[in-house]
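A.B. asks: what would the 3D arrangement of this be:
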Amino acid sequence: MRKAILRSAMIAATFAAGCAAHADGISDGTVRIGVLTDMAGVFSDLGGTGAVTAAQMAIDDFVAKEKPPFKIELVSADHQNKPDIATGIARQWYDTGGVDLITDVINSGVALAVSSVAETKGRMLIVTGSGSTRLTNEQCSPYTISYTWDTYSYANGQARIVKSLGLDTWYFVAVDYALGKSLVTEASDAVTRSGGKVVGTVYHPISTTDLSSFLLQAQGSKAKVIGFANAGADLLNSIKAAKDFNITPSQAIVPLVGTITEVHALGAAATQGMFLVEPFYWNLDDLSRQWSKRFFDKFGKMPNFVQAGAYSAVTNYLKAVQAAKTDDAAAVIKQLKSMPINDMFARNGKIRADGRMVHDMYLVQVKVPADVAERWDYYNVKEIIPGDEAFQPLSSSRCRLATQ
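C.D. replies: Have a look, this model is predicted:
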């Protein structure tokens, strides 16, 4: 299945459900969902074909269970981490492709650009890959939902170790684009609120392979924590380089956007003891385990939060379409914002006026290798962070919709 997806930048799979006749309220009788992701670049292991697989699972499961009186069509494309390519695809999908919902849009620059297109076109965007807080602040939109995570929630969760472990001086090694800058801003504020101090920051280009000069500056800072404000392959390279420079254990390494994908790629021996914030862990409980093992059977890997979030977002979107009896974006978003979201991904989930989906988050620590009972069993969940504590308060939002 993965090979088939990789052979094409765009796939389409149409699922007929119930009668073939036009469904009242559904434009042309078909709901179309587009997964716009990174298929081969720095974030492809986080989203990519895994996100497409998860979205298709959501459609399959919804059709099998609900038997809706409309068709559902899935398309996918590679944005190549370029906002201009992403917006071109989004416009074509919305204008002539009949796409009702775009999801994933991993990469903050891509997500912000596509969000503007979605608002202009009056179509829906559910962001499951990007974590820019601008999506629910200055650049919020009545048509965009930020579903899985953001830099505020990650930084806020990581800062909890300042008080508990006394790791109160931080130096950031950050990727030089929207994600890194947002992470540094949010993490600096969170560290300061917790009684810590940021002693410096250095920015590196995206997809760089030589991190030596940046890590030497971080090592020379003598900070107790080196926080990596990057993701995907950049984060993998940062952690590997830190090990090569023998930075630990004299300085703690804290990936601000680390996921189980990077932990698995590096192994427990290289990542043991690291603290991460996760919106999803496959081994959290029976519900997450059952779904994750089904995903593993299809994809060959346990899901990360982007992929699990894609399944949850598509499932709840389809539920809202069915309940609203229309694929009109305004009506579907209104329905979604009225629904509680509790599933294999989200616990105590709700979508606020600013488009932020608030749900529980998890502060986890990577196990020592001896405690890993099975493949992918990497985390000890140290704390469940309630959604209202994890995410930026609505009262602090700079979104024009926040008071609605």
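
A.B. asks: can you list the weak-confidence ranges in the stretch 101-250 of the chain?
C.D. replies: Per-residue confidence for the stretch 101-250 of the chain (pLDDT under 70) gives these ranges: 248.

A.B. asks: got the residue ranges for the helices in it?
C.D. replies: Remark: helices assigned in the stretch 101-250 of the chain by DSSP state H, counting those that start in this stretch are 108-121, 151-158, 160-165, 178-193, 212-220, 232-244.

A.B. asks: single out the most deeply packed of these.
C.D. replies: Greatest average neighbour count among the helices of the stretch 101-250 of the chain goes to helix 151-158 (a mean of 26), per mean count of other C-beta atoms under 10 Å. (Each C-beta comes from the backbone N, C-alpha and C, glycine too.)

A.B. asks: for the helices of the stretch 101-250 of the chain, which one sits closest to Gly50?
C.D. replies: helix 232-244 (12.7 Å; C-beta to C-beta).

A.B. asks: who's in contact with the closest one?
C.D. replies: Outside of helix 232-244, the residues within contact range by C-beta atoms under 8 Å, 6 or more residues apart in numbering are 42-46, 173, 175, 204, 206-209, 211-212, 215, 226, 228, 230, 248, 253, 255, 257-258, 262, 265-266, 270-271.

A.B. asks: okay if I get the helices of the stretch 101-250 of the chain as JSON lines plus distance to Ala329?
C.D. replies: Formatted as JSON lines, these follow (distance: least, C-beta to C-beta, whole Å):
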{"stretch": "helix 108-121", "distance to Ala329": "8"}
{"stretch": "helix 151-158", "distance to Ala329": "26"}
{"stretch": "helix 160-165", "distance to Ala329": "37"}
{"stretch": "helix 178-193", "distance to Ala329": "25"}
{"stretch": "helix 212-220", "distance to Ala329": "43"}
{"stretch": "helix 232-244", "distance to Ala329": "30"}
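
A.B. asks: where do the strands sit along the stretch 1-150 of the chain?
C.D. replies: With DSSP state E, counting those that start in this stretch as the criterion, the stretch 1-150 of the chain has strands at 12-15, 30-37, 71-78, 101-104, 124-127, 144-146.

A.B. asks: low pLDDT regions in the stretch 301-404 of the chain?
C.D. replies: Counting by pLDDT under 70, the ranges of the stretch 301-404 of the chain that qualify are 404.

A.B. asks: what segments of it are strands?
C.D. replies: For the stretch 301-404 of the chain, the strands defined by DSSP E, counting those that start in this stretch occupy 350-351, 357-358, 361-366, 379-385.

A.B. asks: out of those strands, deepest packed?
C.D. replies: Burial of the strands of the stretch 301-404 of the chain is given as mean neighbour count (mean count of other C-beta under 10 Å); strand 357-358 ranks first at a mean of 27.

A.B. asks: partner strands of it, parallel or antiparallel?
C.D. replies: Here strand 357-358 has these sheet partners by DSSP bridges: strand 350-351 (antiparallel).

A.B. asks: identify all contacting residues around the partner strand.
C.D. replies: By C-beta under 8 Å, 6+ apart, strand 350-351 touches 145, 336-337, 339-341, 357-359, 387.

A.B. asks: out of these, which is most surrounded?
C.D. replies: Highest neighbour count within these: Met357, with 30 neighbours (other C-beta atoms under 10 Å).

A.B. asks: what's the distance between that one and Asp150?
C.D. replies: 10 Å (C-beta to C-beta, to the nearest Å).

A.B. asks: who touches stretch 81-99?
C.D. replies: Contact with stretch 81-99 is made by 27-28, 30, 32-34, 36, 38, 41-43, 75, 77, 79, 102, 105, 107, 109-110, 112-114, 116-118, 121, 123, 206, as judged by C-beta under 8 Å, 6+ apart.

A.B. asks: quick one: that stretch to chain centroid distance?
C.D. replies: Stretch 81-99 sits 20 Å away from the centroid of its parent chain (C-alpha atoms, centre = their mean, to the nearest Å).

A.B. asks: so for it, mean pLDDT?
C.D. replies: For stretch 81-99, mean pLDDT rounds to 97.

A.B. asks: which parts of it are buried?
C.D. replies: By 16 or more other C-beta atoms under 10 Å, the buried positions in stretch 81-99 come out as 81, 83, 85-87, 89-90, 93-94, 97-99.

A.B. asks: mind listing which of the residues you listed are in helices?
C.D. replies: Using DSSP state H, the members of the buried residues of stretch 81-99 that fall in helices are 83, 85-87, 89-90, 93-94.

A.B. asks: adding distance to Phe305, write those residues out as JSON lines.
C.D. replies: Shown next, in JSON lines, are those (distance: C-beta to C-beta, whole Å):
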{"residue": "Pro83", "distance to Phe305": "23"}
{"residue": "Ile85", "distance to Phe305": "25"}
{"residue": "Ala86", "distance to Phe305": "21"}
{"residue": "Thr87", "distance to Phe305": "25"}
{"residue": "Ile89", "distance to Phe305": "24"}
{"residue": "Ala90", "distance to Phe305": "23"}
{"residue": "Trp93", "distance to Phe305": "24"}
{"residue": "Tyr94", "distance to Phe305": "27"}
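
A.B. asks: Val173 and His204 touch, don't they?
C.D. replies: Yes: between Val173 and His204 there is a contact at 6.7 Å, judged by C-beta atoms under 8 Å.

A.B. asks: of these two, who's got more company?
C.D. replies: When Val173 and His204 are compared for neighbours, Val173 comes out ahead with 27 against 21, by other C-beta under 10 Å.

A.B. asks: what's that one in contact with, if anything?
C.D. replies: Val173 is in contact with 201-202, 204, 211, 214-215, 218, 226-230, 238, counting by C-beta under 8 Å, 6+ apart.

A.B. asks: then Leu36?
C.D. replies: Leu36 makes contact with 76-77, 79, 86, 89-90, 93, 102-105, 110, 114 under the criterion C-beta under 8 Å, 6+ apart.
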